[in-house]
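Enquirer: okay, sequence plus prediction incoming.
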Amino acid sequence: MHFLVFIKQVPDAAQVRVDYETGTLIREGVPAIINPFDKHAIEAAVRLRDQFGGKVSVLCMGPPMAEEALKEAMSMGADDAYLLSDRIFAGSDTLATSYALWAAANHIIKKTGPVDIFFAGKQAIDGDTAQTGPGIATRFNVPLITYVIDIKKVDPEKGTVEVVRLVESGQEVIEAPMPCFLTVEEELNKLSYAPLPYLIRAAKTPVTVLNSKNTEIDPSFCGLKNSPTKVKKAFTPPKRERGEIIEGETLDEILNKLYEKIEPVLKEMGKV
Amino acid sequence: MIKQDISKYKHIWVFIEHDNKEIARVSFELLSKARELAKDLDCEVHAFTVGEKVEQFAEEVFKYGAKKFFIIEDPFLKDYITEPYRDSIVYMIEKYKPEIVLIGATTLGRDLAGTIATVLQTGLTADTTALDIDPKTKNLLMTRPTFGGNLMATIFCPDNRPQMSTSRPGVYKAIEEPVKGEIIREKFKFDKAKYTKKILEKIIEEGEKVNLGFYDIIVSGGFGMGSKENMKLVQELAEVLGGTWAASRKAVQAGWAPQTRQVGQTGQTVHPKIYIACGISGAIQHQAGMKSSEIIIAINKDPDAPIFEIATYGIVGDVLEVLPKMIQMFKEKLGKA
């Protein structure tokens, strides 16, 4: 079977700080990591490959430094790694990104054979849009299953998967034919430690670089100019000031003071 | 990019999210916000949805100011499944050409919006927290938090229509403004063989709604709670306040709460009116999921815990002593004793 995982290299959003003087993000010294949700997608694909045979391909769009993320994916057990990197992609929004990744995936499929299950994380922690995965699935015209927390069964003979996804009211057990597209939650699996053979292979195996020259990607759908959405402005939200520590002789006094402070809000909310 | 004649697009459409029984609150919030935007655009607010039984929602939708309610009813749409919902909705959008389409940023809304926008080849802005009309260009300005809430970005979609946005629940007030509306019934012919994905089972967690975004008060427990048993205090306080409960990543990893209730970078992002952090030290990863809450109340025995840096009100004390008293106090004050 062939599993194709879409991953993104992101700055560790938790470590990004704001410079309130200039209103910009301080990204210096912030490590670039594989988007945490995508790691669980890789893990799921590798486990299925170990169970059913076949291979795991990983595709990442980004600058040359994103090669690191692909090397890490191989150390987690992925077989083939592809970096989609070209200046024409700069400034792409989610529609243009899903186009480029779809076109690159088609190129991979043409070279190496059809895909049974596409994987992606449920969203990236930098943009938080959760739109690129669904966008790619739509372009492939394959069933989309988002927020997957469990892969119950893969039946290569019947050609179906049975997965559990999270919804507001609880969970849904979904059956879908392959090929299909899963976007996954962190609780799908626990990450394994990279075994030594994978680490060695990752070090030895080159990452294949794809760009507008060696694929059939149409530049008129790529980049800032061809993205329907544009950024008008970016700004830092007002800094949250350190509030007040409520003090008092007794806990009752403290709690009463707290209550007085939030009573107007509770009234407005209709709680009182 | 596909070039379009954008002058043909008019009116604001709001997606009515439902489970064939009840409308999701975010839909009323968006109808109310859409009325404000419609004034700036000199256009009308319309509601739309598809499902098995959706005409029943007409009165409620008109109560919130929708002049028209576009619907497709079909037994095939009994359960929400991405692809048939997408195809029938795309059919209506292509036929009536709204200028703006607003969808709640719920699990369902986010699943649906990305696929619709891709078929329509238009722009979509996810998870917005502010919507405005540019006075000059009349474009929709969509503002959203990014980088874990560290940066806000205002996005617009100048050359493609409809301009689409998913909007976070709980941002806008749902305000009634009844009008006499009109129901427009459409039909869509489903090629049923095409839709092969199916729901085998639905596991409903009674009273265990997992979308924390629906609640205006969230009481959240961290590692400082000490045990799964003690998390009951967090749950009890949430119940007394008519909110819901959540947990930090550490508490989830300790097995004291399901991952579905995790707040933070790898959990849910919430912005309730009141967030009560109990025994949560407030690592940056946790703050990324809750620091846009209006009021943050922190209870922690460590006066140097980072949570106090962003808390509106702090109580330095042992959660296991503070919470029982707090529960008792709120029971009395809110008349629930």
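Expert: On my side now, so go ahead.
Enquirer: can you give me the buried ones in stretch A:108-125?
Expert: Using 16 or more other C-beta atoms under 10 Å in any protein chain shown as the test for burial, stretch A:108-125 gives A:108-109, A:115-125. Where C-beta positions appear, they are placed from N, C-alpha and C, glycine not excepted.
Enquirer: need the contact list for A:Lys190.
Expert: Taking C-beta atoms under 8 Å, 6 or more residues apart in numbering or on different chains as the contact definition, A:Lys190 lies against A:Glu43.
Enquirer: make sure I have this right: it is in a strand.
Expert: No - in this structure, A:Lys190 is coil, not part of a strand, as judged by DSSP: H, G, I helix; E, B strand; the rest coil.
Enquirer: returning to that earlier point: between the buried residues of stretch A:108-125, which is nearest chain B?
Expert: Nearest to chain B among those: A:Ile125, at 6.0 Å, using C-beta to the nearest C-beta.
Enquirer: ranges for the helices of chain B?
Expert: Using DSSP state H, the helices assigned to chain B run over residues B:25-41, B:58-63, B:82-96, B:107-120, B:231-240, B:249-253, B:284-290, B:307-310, B:319-333.
Enquirer: now pLDDT too, for the buried residues of stretch A:108-125, in CSV please.
Expert: Conversion of the buried residues of stretch A:108-125 to CSV gives the following (pLDDT from 0 to 100):
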residue, pLDDT
A:Ile108, 98
A:Ile109, 98
A:Val115, 98
A:Asp116, 98
A:Ile117, 98
A:Phe118, 98
A:Phe119, 98
A:Ala120, 98
A:Gly121, 97
A:Lys122, 95
A:Gln123, 93
A:Ala124, 92
A:Ile125, 87
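Enquirer: just the ones in strands from those residues, please.
Expert: Counting by DSSP state E, the part of these found in strands is A:Ile117, A:Phe118, A:Phe119, A:Ala120, A:Gly121.
Enquirer: ok, now which ones touch the last one?
Expert: Contacts of A:Gly121 were listed using C-beta under 8 Å, 6+ apart, and they are A:Ile7, A:Lys8, A:Asn35, A:Pro36, A:Phe37, A:Asp38, A:Lys39, A:His40, A:Ala41, A:Gly133, A:Thr183, A:Val184.
Enquirer: which of those residues count as buried?
Expert: A:Ile7, A:Lys8, A:Asn35, A:Pro36, A:Phe37, A:Asp38, A:Lys39, A:His40, A:Ala41, A:Gly133, A:Thr183, A:Val184.
Enquirer: nearest residue to the first one in space, please, no chain neighbours.
Expert: The shortest distance from A:Ile7 to any residue other than its chain neighbours is 4.1 Å, reached at A:Asp38 (C-beta to C-beta, 6 or more residues apart in numbering or on different chains).
Enquirer: hmm, the one you found is touching A:Ala45, no?
Expert: No - counting by C-beta atoms under 8 Å, A:Ala45 is not a contact partner of A:Asp38; they are 10.5 Å apart.
Enquirer: any residues in contact with both of the two?
Expert: With C-beta under 8 Å, 6+ apart, A:Asp38 and A:Ala45 have common neighbours A:Val5.
Enquirer: coming back round to it: nearest to chain B, of the buried ones among the contacts of A:Gly121?
Expert: Chain B has its nearest neighbour among these in A:Pro36, at 5.5 Å by C-beta to the nearest C-beta.
Enquirer: show me the contacts for the closest residue to B:Leu124 other than its chain neighbours.
Expert: Spatial nearest neighbour of B:Leu124, excluding adjacent residues (C-beta to C-beta, 6+ apart): B:Ala117 at 3.7 Å. Residues near B:Ala117 by C-beta under 8 Å, 6+ apart: A:Leu95, A:Gln131, A:Gly135, B:Gly123, B:Leu124, B:Met164.
Enquirer: what sits closest to the third one if chain neighbours are left out?
Expert: I take that to be A:Gly135. A:Ser98 (2.9 Å).
Enquirer: for the one you found, what are phi and psi?
Expert: When read as degrees, to the nearest 10, the backbone of A:Ser98 gives phi -70, psi -30.
Enquirer: quick check: pLDDT value at it.
Expert: Per-residue pLDDT puts A:Ser98 at 98.
Enquirer: residues contacting it?
Expert: Contacts of A:Ser98 by C-beta under 8 Å, 6+ apart are A:Gln131, A:Thr132, A:Gly135, A:Ile136, A:Thr138, A:Arg139, B:Thr118.
Enquirer: mind redoing it with 7 Å?
Expert: The contact partners of A:Ser98, by C-beta atoms under 7 Å, 6 or more residues apart in numbering or on different chains, come to A:Thr132, A:Gly135, A:Ile136, A:Arg139, B:Thr118.
Enquirer: quick one: mean pLDDT for whatever helix or strand the residue nearest to A:Ile7 lives in?
Expert: Here A:Asp38, judged by DSSP states H and E, is contained in helix A:36-52. For helix A:36-52, the mean pLDDT works out to 97.
Enquirer: ditto for stretch A:258-265
Expert: 94.
Enquirer: can you give me the buried ones in that stretch?
Expert: A:Leu258, A:Tyr259, A:Ile262, A:Val265.
Enquirer: need the residues that contact that stretch.
Expert: Contacts for stretch A:258-265 (C-beta under 7 Å, 6+ apart): A:Ile246, A:Val272, B:Lys273, B:Ile274, B:Ile295, B:Tyr313, B:Ile315, B:Met329, B:Lys333.
Enquirer: what does the closest residue in space to the second one that isn't next to it in sequence show for phi and psi?
Expert: When you say that, I think you mean A:Val272. Distances taken as C-beta to C-beta, 6+ apart put A:Leu266 closest to A:Val272, at 4.9 Å, once the chain neighbours are dropped. Per-residue torsions, A:Leu266: phi -60, psi -40 (degrees, to the nearest 10).
Enquirer: any idea how far B:Ile274 is from A:Leu266?
Expert: Distance of A:Leu266 to B:Ile274, computed by C-beta to C-beta, to the nearest Å: 8 Å.
Enquirer: these two - which one has more neighbours?
Expert: Comparing A:Leu266 with B:Ile274 by other C-beta atoms under 10 Å in any protein chain shown, the one with more neighbours is B:Ile274, at 23 against 19.
Enquirer: next one: that one, what pLDDT does it get?
Expert: Reported pLDDT for B:Ile274: 96.
Enquirer: cool, A:Leu25 as well?
Expert: So, for A:Leu25, pLDDT stands at 72.
Enquirer: that one belongs to a strand?
Expert: Yes - assessed by three-state DSSP, A:Leu25 belongs to a strand.
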